[in-house]
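Asks: can you look at this prediction? I've put the sequence above it.
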Amino acid sequence: MTSSKFNTFFLGLFEYYTPKIVLIKNIKVGILNRFVQLAIISYIIGYAIIYNKGYQDFSTIESSVTSKVKGIAYTNYSESEFNDLIPNIDVYRRIWDTADYIVPPSENNAFFVITNIVITANQTQGQCPEDPEVSKCSSDRNCIPGTSIITGNGVYTGKCVTSDQNSTLKVCEIYGWCPVERDINPLKDNRALLSSTKNFTVLIKNFVDFPKFKIRRRNIPDYYDDKYLKHCNYHPVDDPLCPIFVLKDIVPGNYDEIAVKGAAMAIIIDWQCDFDYSESKCYPKYQFRRLDENSPISPGLNFRYAHYYGNSERTLYKAYGIKFIVMTQGRGGKFSIVPLLLNIGSGLGLLAVATILCDIVVLYIVKKKYLYKSVKYQSVAEGTENNNLQSIKKAGAE
């Protein structure tokens, strides 16, 4: 038995398989075959080559972005418009230009516009009551000298004193920058101090390089001049190529509501260029969307900075605002014979699917499957006569 198995295995190593062409005259199978072939050819030509531009070679982009915001705000609100808890409303009544509300002055592919601000003026280093929202106490034992808390404004002196914000409360006294910040919105009705920034404009300059094709483009059309740029504003339909944007037009949602706590916005510059046509027709399209979530827990975007007057006096600012992040994406395409041949070759290889599918139908589904199977598979042994025709006749008779 072992010797017989070995002989079978050994002889099997020297068998040779060759394809056999069998013409099957079956209308249903023929229709299926042509339908699958047509679908594959349509996919190759329609999607892989035309729609997906399989005849082009592509280059990614290298990009640089600069921005310039313009606008003046005058926060000369009446006394009745300010929150009653604001200790000094005069620090809010002033002119704001780009040097005041663009902080920091320059960022890589981004800019921050202050839309609301809390100002604590004339802080000096000394001793004062802590914020009642941070550290309440009932006696000096609650205020251990030399200790502090992460959310606090200074180091405990060891005394429990009356709050300077609410005389009915006791708080720990601290050594730090005094008076401590009162985190209260300056205006009533939850309005942003610098809501007028919605009418400010930003000029965005974007330079892109397609290194594979050695082509450089910018987002400002060559036929624009300085006079035109002074008067144009971006509009998705009327003026989609103007690089000057009004802030309220590129902020999805209600600008006045977003300005109170701030947000993060994306300005997406999308370059999709076809260099089979003129390079002068290569310009980007713009998209705008909000990046952060409008969550009730820790909403918006804010940070603190200070202006110092010597070593022991400063004005503290808590700035809320909208951070605009400029994202550049895209590619450029140009005709190349190599990707075209690769797509045609890989597509033609898919035509084998039609043969495989039809073989499955012929050999396992149709009524005369045994006849077709006997015709398709034929075994010929050396030195013997082929008896396969007898089996074909027998299968056909069945």
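Replies: Received the coordinates, thanks.
Asks: give me the distance from the longest strand anywhere in the chain to the chain's centre.
Replies: With DSSP state E setting the assignment, residue counts place strand 313-335 as the longest strand in the chain. How far strand 313-335 lies from its chain's middle: 13 Å, per C-alpha atoms, centre = their mean, to the nearest Å.
Asks: likewise stretch 76-84?
Replies: Centre-to-centre, stretch 76-84 and its host chain are 40 Å apart (C-alpha atoms, centre = their mean).
Asks: do the same with stretch 44-53
Replies: When distances are taken as C-alpha atoms, centre = their mean, stretch 44-53 is centred 27 Å away from the chain's centroid.
Asks: and that stretch, end to end?
Replies: 11 Å (C-alpha to C-alpha, to the nearest Å).
Asks: alpha carbons only: can I get stretch 232-243 in CSV?
Replies: Coordinates of the C-alpha atoms in stretch 232-243 are reproduced here as CSV (Å, rounded to 0.1, in the frame of the first residue of the first chain):
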residue,chain,number,x,y,z
CYS,A,232,-13.0,92.2,-3.2
ASN,A,233,-14.4,89.8,-0.6
TYR,A,234,-14.6,86.0,-1.0
HIS,A,235,-17.9,84.6,-2.0
PRO,A,236,-18.3,80.9,-2.9
VAL,A,237,-20.3,81.8,-6.0
ASP,A,238,-19.8,85.4,-6.9
ASP,A,239,-16.0,85.6,-6.2
PRO,A,240,-14.6,82.2,-5.3
LEU,A,241,-11.0,83.2,-6.0
CYS,A,242,-10.7,86.4,-3.9
PRO,A,243,-8.2,85.7,-1.1
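Asks: list the buried residues for that stretch?
Replies: By neighbour count, and taking 16 or more other C-beta atoms under 10 Å as the criterion, the buried residues in stretch 232-243 are 234, 241, 242, 243. Placement of C-beta: from N, CA and C, glycine included.
Asks: in CSV: those, plus secondary structure and distance to residue 272.
Replies: Below are the buried residues of stretch 232-243 laid out as CSV (DSSP: H, G, I helix; E, B strand; the rest coil; distance: C-beta to C-beta, whole Å):
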residue, secondary structure, distance to residue 272
234, coil, 18
241, coil, 14
242, coil, 19
243, coil, 18
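Asks: same for the longest strand of the chain, what does it pack against?
Replies: The helices and strands touching strand 313-335, judged by 3 or more C-beta pairs under 8 Å, 6 or more residues apart in numbering; DSSP states H and E, are strand 56-59, strand 62-70, strand 110-129, strand 201-210, helix 255-261, strand 263-274, strand 302-308.
Asks: please name the strands paired to that strand in the sheet, noting orientation.
Replies: On the basis of DSSP bridges, the sheet neighbours of strand 313-335 come out as strand 56-59 (antiparallel), strand 110-129 (antiparallel), strand 263-274 (parallel), strand 302-308 (antiparallel).
Asks: any idea of the mean pLDDT in it?
Replies: Taken as a whole, strand 313-335 has a mean pLDDT of 96.
Asks: list the buried residues for that strand?
Replies: For strand 313-335, the neighbour count (16+ other C-beta under 10 Å) marks 314, 316-317, 319-328, 330, 332-334 as buried.
Asks: which residues touch the closest residue to residue 232 other than its chain neighbours?
Replies: Computed as C-beta to C-beta, 6 or more residues apart in numbering, the closest residue to residue 232 that is not its neighbour in sequence is residue 242, at 4.0 Å. When contacts are counted by C-beta atoms under 8 Å, 6 or more residues apart in numbering, residue 242 is found next to 229, 232, 233, 234, 235.
Asks: which SSE is the third one in?
Replies: Assigned by DSSP states H and E, residue 233 belongs to neither a helix nor a strand.
Asks: assign residue 373 to helix, strand or coil.
Replies: The three-state label given to residue 373 by DSSP: H, G, I helix; E, B strand; the rest coil is helix.
Asks: what pLDDT does it get?
Replies: 70.
Asks: surely it is in contact with residue 366?
Replies: No. Here residue 373 lies out of contact with residue 366, judged by C-beta atoms under 8 Å, at a distance of 10.4 Å.
Asks: Throw the contacts of residue 242 into JSON lines and include pLDDT and distance to residue 197, thanks.
Replies: Written out in JSON lines, the entries for those read as follows (pLDDT from 0 to 100; distance: C-beta to C-beta, whole Å):
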{"residue": "229", "pLDDT": "85", "distance to residue 197": "21"}
{"residue": "232", "pLDDT": "91", "distance to residue 197": "20"}
{"residue": "233", "pLDDT": "94", "distance to residue 197": "15"}
{"residue": "234", "pLDDT": "95", "distance to residue 197": "17"}
{"residue": "235", "pLDDT": "94", "distance to residue 197": "20"}
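Asks: look up how far residue 261 lies from residue 114.
Replies: Distance, residue 114 to residue 261, using C-beta to C-beta, to the nearest Å: 12 Å.
Asks: meant to ask about residue 147, not that
Replies: Using C-beta to C-beta, residue 147 is found at 32 Å from residue 261.
Asks: cool, residue 19 as well?
Replies: Residue 19 sits at a distance of 72 Å from residue 261 (criterion: C-beta to C-beta).
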